[in-house]
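Participant: Task: produce atomic coordinates for the following.
(one chain, ligands or ions: 1)
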Amino acid sequence: MLKTLSRIPFLVTGGWQRDDDQGNAAACCESYIISKIVTGGMETKVHSSLRTVEWKDNAVVMIDQTKLPNELVYVRYTDFHDVADAIRNLVVRGAPAIGVSGAFGLALAALQSKAAEKEGLVSDMEEARKILFETRPTAVNLAWGLERIMKVARSCGDAAAIRSEVVREAKKMAEEDIEINMRMGRHGSQLFGDNDTIMTHCNAGALATVAYGTALGVIRATRESGKKIKVIATETRPVMQGSRLTAFELKHDGIDVSLIPDTAVGYAMANGLVSKVIVGADRVLRTGHVYNKIGTYQVATMARQHGIPFYVAAPLSTFDLKSSPKDVVIEQRKGTEVTGVAGRKTAPDDINVINPAFDMTPPELITGIITEAGVAKPPFEESIKKLFDSNR
Ligand code: MRU
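Facilitator: Purely as a prediction, here's the structure:
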């Protein structure tokens, strides 16, 4: 049986106070806020190298992204159920970040389980894996992260080894995520030139990964290579990952960023304001079909209309080489995300809502898919296969 502790919120305001400083108060709490910085409309200086999620003292610590950009709040979880809730409720989001968070959640489940033998522990972990997996269906990194931890658990000789090895593996995955993003950034930066203005949609940045970012990692690497670039970020209705997260992290990194409403994508392209587009992905099929935040398909279609190159940046862990488009489940989210803005109702009562979280961009609209192993170009079925073969 998995142990569930009581859930007591604990709040510390001001500064970077750590849980270790909280004495007994912190020790009795299963999940609580360990630090809070009121960013005052993004004027407060914060670290540019935001760590979205990490393992600390047998707990998972993550930035609560629902509070950004107004507050930078860290939450600490010691119960995997809380990690599942955090993924479901977008406290942590972005394909690579939820992959690593799922792995950390499963490592927590191993520590929580009272099983003394390997068999019981693996069975408790399978139960936890199911709960974590069901939180969000589209991003393939979640299934990938959970399977990687289960594989390690199955390969260990006894329960003690499982507990230490799964924690080690999850921490390794977090470190690898940063390194992979930086490699992807170096490959991608060669596709962008001096004075490019790059449009991006949603948030595929440090906040969508452990740190650095996929699409925004390429943007960071392009700037680090000495090129002058500007970014146009779409606000990304309904949850506003573009305005709340992309604008936040680029502004804090000192990258020139302008925010536009989603409805201004066509205007910006038609008026010559955009040189190239780069987005992240939640799932890439072997055929080059890309699943990403709702609205990506519209941006890609508009880019094609205006002859603007459209790039996708995604680690190999985001590729699903088995499925075809008919197999992919598009997450449908609650209607209240659409019927209100910032807690204020903007639609009539009882209105029907269609709120898909992701859409599919077909390969014919994509100029290139940037990975840590290189850039795949059309025809994608061939080039993606080559990338995987070279990475074996
Ligand atoms: O619903 P979200 O915020 O998890 O959606 C995130 C995206 O669509 C990102 O673009 C994608 O996960 C790539 S993140 C590097």
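Participant: For the rest of this, base every contact and every neighbour count on C-alpha atoms.
Facilitator: OK.
Participant: what ranges do the strands span in the stretch 101-250 of the chain?
Facilitator: 196-200, 229-234 (DSSP state E, counting those that start in this stretch).
Participant: quick one: average pLDDT of the helix or strand just after the last one?
Facilitator: Tracing the chain C-terminally past strand 229-234 and defining elements by DSSP states H and E, one meets helix 241 next. For helix 241, mean pLDDT is 98.
Participant: how distant is helix 241 from the center of its chain?
Facilitator: 11 Å (C-alpha atoms, centre = their mean, to the nearest Å).
Participant: ditto for stretch 381-392
Facilitator: The answer for stretch 381-392 is 24 Å, by C-alpha atoms, centre = their mean.
Participant: buried set for it?
Facilitator: 381, 383-384, 387 (16 or more other C-alpha atoms under 10 Å).
Participant: quick one: which of these is nearest to the ligand?
Facilitator: The ligand lies nearest to Ile384 out of the buried residues of stretch 381-392, by C-alpha to the nearest ligand atom, at 18.1 Å.
Participant: Next up, the contacts around that closest one.
Facilitator: Ile384 makes contact with 286-288, 376 under the criterion C-alpha atoms under 8 Å, 6 or more residues apart in numbering.
Participant: which phi and psi does it have?
Facilitator: phi -70, psi -40 (degrees, to the nearest 10).
Participant: on that earlier part again, right, so of the strands of the stretch 101-250 of the chain, which gets closest to Leu72?
Facilitator: Closest of the strands of the stretch 101-250 of the chain to Leu72 is strand 229-234, at 20.5 Å (criterion: C-alpha to C-alpha).
Participant: Tyr297 sits in which helix or strand?
Facilitator: Going by DSSP H and E, Tyr297 is in helix 296-305.
Participant: all helices of the protein, in order?
Facilitator: 23-27, 80-88, 95-112, 118-133, 140-155, 159-189, 215-224, 241, 247-252, 265-270, 296-305, 336-339, 380-390 (DSSP state H).
Participant: ranking those by burial, who's on top?
Facilitator: Per residue and on average, the most neighbours among the helices of the chain fall to helix 95-112, with a mean of 30 (mean count of other C-alpha atoms under 10 Å).
Participant: Run the chain-centre distance for that one.
Facilitator: Chain-centre distance of helix 95-112: 13 Å, with C-alpha atoms, centre = their mean.
Participant: near the ligand, anything from it?
Facilitator: Yes. Applying C-alpha under 6 Å from any ligand atom, one finds helix 95-112 touching the ligand at 95-96.
Participant: same thing with stretch 230-240?
Facilitator: No. Against the ligand, stretch 230-240 shows no contacts by C-alpha under 6 Å from any ligand atom, the least distance being 7.8 Å.
Participant: which parts of the stretch 251-392 of the chain sit against the ligand?
Facilitator: Counting by C-alpha under 6 Å from any ligand atom, the residues of the stretch 251-392 of the chain near the ligand are 280-282, 292-293.
Participant: which residues sit in contact with whichever residue of the stretch 101-250 of the chain sits closest to the ligand?
Facilitator: Going by C-alpha to the nearest ligand atom, the ligand is nearest to Ala204 of the stretch 101-250 of the chain, at 3.7 Å. Ala204 makes contact with 94, 213-216, 246, 279-281, according to C-alpha under 8 Å, 6+ apart.
Participant: make it 7 Å
Facilitator: The neighbourhood of Ala204, defined by C-alpha atoms under 7 Å, 6 or more residues apart in numbering, consists of 94, 213-216, 279-280.
Participant: Can you convert the residues you listed into a markdown table and add a column each for pLDDT?
Facilitator: Listed next are those as a markdown table, based on pLDDT from 0 to 100:
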| residue | pLDDT |
| --- | --- |
| Gly94 | 97 |
| Gly213 | 97 |
| Thr214 | 98 |
| Ala215 | 98 |
| Leu216 | 98 |
| Val279 | 98 |
| Gly280 | 98 |
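Participant: So which of these wins on neighbours?
Facilitator: Thr214 (36 neighbours; other C-alpha atoms under 10 Å).
Participant: Would you pull up how far stretch 350-367 lies from the middle of the chain?
Facilitator: 18 Å.
Participant: what about the closest residue to His187 other than its chain neighbours, distance to the ligand?
Facilitator: In space, His187 comes closest to Gly374 once its chain neighbours are excluded; the distance is 6.0 Å by C-alpha to C-alpha, 6 or more residues apart in numbering. Distance of Gly374 to the ligand, computed by C-alpha to the nearest ligand atom, to the nearest Å: 17 Å.
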